[in-house]
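>>> take this sequence and fold it.
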Amino acid sequence: MRWDVVTWAAVALLLMAAETVVPGAFLLWMGFAAAAVFLLVLVAPGIPLLAQVAAFVVLSFVSVQVYRKWFRRAERPSDRPLLNRRAEQNIGMVLTLDQAIVGGRGRVRIGDSSWIAEGPDLPAGTRVRVVAVEGVVLKVQAE
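A predicted model of the protein is given here:
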């Protein structure tokens with residue numbers, strides 16, 4: 001068996017296998033491009049190495065664009081869009097100030113964690129509603 005045929009087959013298999021480790025469906029499509037070059041080299045021997053690499057680069061770009069245009073758009077929206085955005089899950093919650101807001105900053109307790117709260121100066125014990133989030137700072141207003 002020729003070295004270029006074996007090499008492109010191995011590259012295709014490695015890229016497709018790597019997709020199981022790296023999320024995002026990016027390497028899978030590059031694996032398809034390598035498989036196409038494998039088939040091209042298998043059917044038409046004698047293609048120079050530079051042409052093989054150029055074909056791989058072009059086919060990789062095209063295949064990733066095909067994925068982005070036709071397949072990625074078809075992903076269904078999440079039923080829990082705020083799952084990994086913990087601070088944003090608190091918007092709308094009504095909480096009690098743990099520490100008074102003085103100079104625009106205070107603290108609220110949510111479960112077993114303490115969060116920085118920003119808003120108008122208010123005494124401790126006041127009920128506040130979270131209206132926005134900026135990083136890990138909760139923007140609050142009096143309830």
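
>>> and this protein, what are its domains?
Domain ranges of the chain: 3-74, 87-142, per automatic domain parsing.

>>> and the shortest one, average pLDDT?
The average pLDDT for domain 87-142 rounds to 92.

>>> gap between the two ends of it?
Distance between the two ends of domain 87-142: 19 Å, counting by CA to CA, to the nearest Å.

>>> centre of the chain to that domain, how far?
How far domain 87-142 lies from its chain's middle: 29 Å, per CA atoms, centre = their mean, to the nearest Å.

>>> likewise for the longest one?
Domain 3-74 has its average C-alpha position 23 Å from the chain's average C-alpha position, going by CA atoms, centre = their mean.

>>> stretch 63-79 too?
The answer for stretch 63-79 is 13 Å, by CA atoms, centre = their mean.

>>> would you mark the buried spots in it?
For stretch 63-79, a neighbour-count test (16 or more other CB atoms under 10 Å) marks Ser63, Val64, Tyr67 as buried. C-beta: built from backbone N, CA, C; applies to glycine.

>>> what's the local residue count around Leu49?
10 (other CB atoms under 10 Å).

>>> from what I can see it touches Thr7, true?
No - judged on CB atoms under 8 Å, Leu49 makes no contact with Thr7 at a distance of 9.6 Å.

>>> mind listing what Ala33 touches?
Contact analysis of Ala33 by CB atoms under 8 Å, 6 or more residues apart in numbering lists Phe56, Leu59, Ser60, Val62, Ser63.

>>> give me the element Leu42 is part of.
Using DSSP states H and E, Leu42 sits within helix 26-43.

>>> now the next helix or strand after that helix against helix 26-43, angle please.
Toward the C-terminal end, the helix or strand that comes next after helix 26-43 (DSSP H and E) is helix 49-66. Calculated by axes from the mean of the first three to the mean of the last three CA atoms, to 10 degrees, helix 49-66 forms an angle of 140 degrees with helix 26-43.
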